[in-house]
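Undergrad: please find the sequence and the predicted model below.
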There are 2 protein chains.
Amino acid sequence: MCGTDGCLVKCSSVPCATPENDMKDTSTTINLDHGDPTMYESYWRKMGNKCDITFNGDDSLSYFANGKSLCWFLESKLEEQIKRLHSVVENAIVDDYYIVVGTGSSQLMQAALYALSPTDQLEPISVVSATPFYSSYPEVTDFVKSGLHKWAGDARTFEKNGPFIEFITSPNNPDGVVREPVVNGNQGKLIYDLAYYWPQYTAITSPANHDVMLFTISKCTGHAGSRIGWALVKDKEVARKMTKFMEISTIGVSKEAQLRAAKILEVISERCLDPNMENFFEYSQSLMTDRWQRLRQVVMANGLFVLQKYPLQYCLFTKDFCESHPAFAWLICKGGEEEDCEKLLKEHKIHTRSGRRFGSDSRSVRISMLSRGEDFNIFLQRLMAIQVPTNGN
Amino acid sequence: MCGTDGCLVKCSSVPCATPENDMKDTSTTINLDHGDPTMYESYWRKMGNKCDITFNGDDSLSYFANGKSLCWFLESKLEEQIKRLHSVVENAIVDDYYIVVGTGSSQLMQAALYALSPTDQLEPISVVSATPFYSSYPEVTDFVKSGLHKWAGDARTFEKNGPFIEFITSPNNPDGVVREPVVNGNQGKLIYDLAYYWPQYTAITSPANHDVMLFTISKCTGHAGSRIGWALVKDKEVARKMTKFMEISTIGVSKEAQLRAAKILEVISERCLDPNMENFFEYSQSLMTDRWQRLRQVVMANGLFVLQKYPLQYCLFTKDFCESHPAFAWLICKGGEEEDCEKLLKEHKIHTRSGRRFGSDSRSVRISMLSRGEDFNIFLQRLMAIQVPTNGN
């Protein structure tokens, strides 16, 4: 299942230059800076009206949700479908975990920092993550100059004694590598950002069972516009404090977004369990496999860049050995005269995010692999053209 | 229109004791602590399917909205309907204002503090509001111990030189009074919280045109579960910084909630403009007028409490003289032996919010006037019963 068989899009190694692409080629920069998951639109379009949800004028007026969850604004339908999907995919333990819903996982990162920061210390707690780390962590930690927590950079070089919080993103954003904590020290609190721990990106090797685990629908199903994330939290007091953060910050999370997310997750689980239906993760994995194959072919052909390699691992969900196909490509210039990879690609009308933003250097960039097919094709065309700088690109 | 004529609910001065009410009477505390606006369900139920909105599986996957607003995640339909409604109601100027959408107005309060706080000062800027102030202001300002801003209490006693930010809530939460800034000083930045500046609560005396004005759909239409607020901002740089805050905090605002809010506001505007249709604000104003009349009758009858009085003012929207009918009653114990009003009401199974939470004292409480009709009736029954403490309540 992890090879090219079942590939649902045209697997040409050289993307075709349609007149439309040609027009875009000369005029518009392709934006692969954000991980905007519009790639998934094709699957949801095929679903027709199976995921339709209608809201009546008198639905969901109250601040309160209908459930009995510790997280008082969590819709019980969403709670149920989150638990069900994790059980189907086997990527996380849900029994005896508290679920806290957030306006995307960004808000849950802040909620987790709030809940895990000691309140009895004079100094803010140090927050670290191993380089290359998700570019938002420093900003999310420091943007209001909190006295509770303070960004302290690369976890690998962190040597301060005392309490700290480490973000572990696995598979990692930006480079797709499966990660473990790196700081030695028994006073650490760990936040596992598992946004990409889904079968289309990586092998599900075991159900995760960490103290605090963050997920987001944006990277699971592609519904980034909904702004729905969730945390699985082992400790009741931590879950209570995270809920309190959400209460002060936004008095809960949109009920429409929660109920629609519940519907989307329900459809995914149902189709995973029925072998006669088209499975979302298989479909998405095929798309990603094809994109990565084509990208590797272009990178090999022009010889200017290096891509991260990933080991084959057995996946509990697909019941097969799989290579990772991360949501982002972490592309590194081989060097030479041109060492600012973001600048080089920008000149060829490809907007990416410099490695500097991830605590790394300017030779690397992060490139979204989740754009619409048309944009991905133009991206490969342009990347290919960098090999021959005199051809007008 | 502001009298009892047109009253759409039963205007009995003594609420009826149904068997259901009697059952609730002895067993359940009525929660009037939050301003949960479930009162509005009755109007939206009458609208049938006129406000229905359906989301298809492939709608709104992207983080980005379809408009060209400075606030890059603001749906253009919502922007259009916000501007239209303010023009119809005449409660705020919208021309030449930037609109920033938020996950409720709580998030916009934080965004405004972030945007208005100087970044070149060693000390956090002082944030004040006149007592009694909205109970969330201190918490929202200080909950992550920000180095940008710090709660400094009652604006009336604030005497520190230098820059400050003042929240002006008008009509005020908790006491419904129309307010102006109180701090003298030319280094002040003002945030106008106009959540209750709608015709069902108060006379619209002129279109507001302040630098930063906050609104929320929760108290305008009753859709608190959607978590949609908006700011009207005069200065481009302030709007840009508020948008940046929202980007870091939650990467925007749920598209489902925005699009549904747009639909709801559209229906309200259309019906305001058509004299043959039932106007949302007239309907709601009638409900509020009736509730306030019945509350004043009970308060007068039992003689233990005092309620705030409000002047008659000419309303541009209703084109008539109106008294205010605030979303909260600010009830003050006349004193004597029992001076903890929250405790007294709690003993009679009415959960309210103590005046202490608003920077005032324990003789006062805030009581939501926006509950469902059944709960409001039980509340009046129980309040009436306090007059005779020996009757078993």
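TA: Right, received. Where do you want to start? Residues are numbered from 1 along each chain as shown, chains lettered A, B, ... in the order given.
Undergrad: helix/strand/coil for the residue lying closest to residue A:116 once chain neighbours are set aside?
TA: In space, and not counting its chain neighbours, residue A:116 is closest to residue A:189: 4.4 Å by CB to CB, 6 or more residues apart in numbering or on different chains. C-betas here are computed from N, CA, C, even on glycine. Under DSSP: H, G, I helix; E, B strand; the rest coil, residue A:189 falls in the strand class.
Undergrad: neighbours around residue A:238, how many?
TA: By other CB atoms under 10 Å in any protein chain shown, the residues close to residue A:238 number 21.
Undergrad: mind telling me what element it is part of?
TA: Following DSSP states H and E, one finds residue A:238 within helix A:236-250.
Undergrad: give me the mean pLDDT for that helix.
TA: For helix A:236-250, the mean pLDDT works out to 98.
Undergrad: list the buried residues in the next helix or strand after it.
TA: Sequence-wise, the next helix or strand downstream of helix A:236-250 (DSSP H and E) is helix A:255-273. Buried residues in helix A:255-273, counting neighbours by 16 or more other CB atoms under 10 Å in any protein chain shown, are found at A:255-269, A:271-272.
Undergrad: strands along the stretch 51-200 of chain A, start to end?
TA: Under the criterion DSSP state E, counting those that start in this stretch, strands of the stretch 51-200 of chain A are mapped to A:53-55, A:98-103, A:125-129, A:149-154, A:164-169, A:188-193.
Undergrad: the fifth one pairs with which strands?
TA: Going back to what we said before, that points to strand A:164-169. When pairing is defined by DSSP bridges, strand A:164-169 lines up against strand A:125-129 (parallel), strand A:188-193 (parallel).
Undergrad: in a markdown table: the ones you listed, plus mean pLDDT and mean neighbour count.
TA: Below are the strands paired with strand A:164-169 laid out as a markdown table (pLDDT from 0 to 100; neighbours: other CB atoms under 10 Å in any protein chain shown):
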| stretch | mean pLDDT | mean neighbour count |
| --- | --- | --- |
| strand A:125-129 | 98 | 25 |
| strand A:188-193 | 97 | 22 |
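Undergrad: okay if I get these as TSV plus distance to residue B:194?
TA: Compiled in TSV, those are given as follows (distance: least, CB to CB, whole Å):
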stretch	distance to residue B:194
strand A:125-129	37
strand A:188-193	38
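Undergrad: for residue B:244, which of the ones you listed is the nearest?
TA: strand A:125-129 (20.3 Å; CB to CB).
Undergrad: keeping just the C-alphas, turn that closest one into PDB.
TA: Output in PDB follows, covering the C-alpha atoms of strand A:125-129 (Å, rounded to 0.1, in the frame of the first residue of the first chain):
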ATOM      1  CA  ILE A 125      10.200  28.700  33.300                       C
ATOM      2  CA  SER A 126      12.500  28.000  30.300                       C
ATOM      3  CA  VAL A 127      10.800  26.600  27.200                       C
ATOM      4  CA  VAL A 128      12.900  24.700  24.700                       C
ATOM      5  CA  SER A 129      12.700  22.500  21.600                       C
END
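Undergrad: and the strands of the stretch 51-200 of chain A: which comes nearest residue B:177?
TA: Relative to residue B:177, the nearest member of the strands of the stretch 51-200 of chain A by CB to CB is strand A:98-103, separated by 32.7 Å.
Undergrad: direction included, what does that closest one pair up with?
TA: Paired neighbours of strand A:98-103 in the sheet (DSSP bridges): strand A:228-233 (antiparallel).
Undergrad: angle of the strand it pairs with against helix A:236-250?
TA: Calculated by axes from the mean of the first three to the mean of the last three CA atoms, to 10 degrees, strand A:228-233 forms an angle of 160 degrees with helix A:236-250.
Undergrad: quick one: strand A:228-233 to chain centroid distance?
TA: Relative to the chain's own centre, strand A:228-233 is displaced by 13 Å; criterion: CA atoms, centre = their mean, to the nearest Å.
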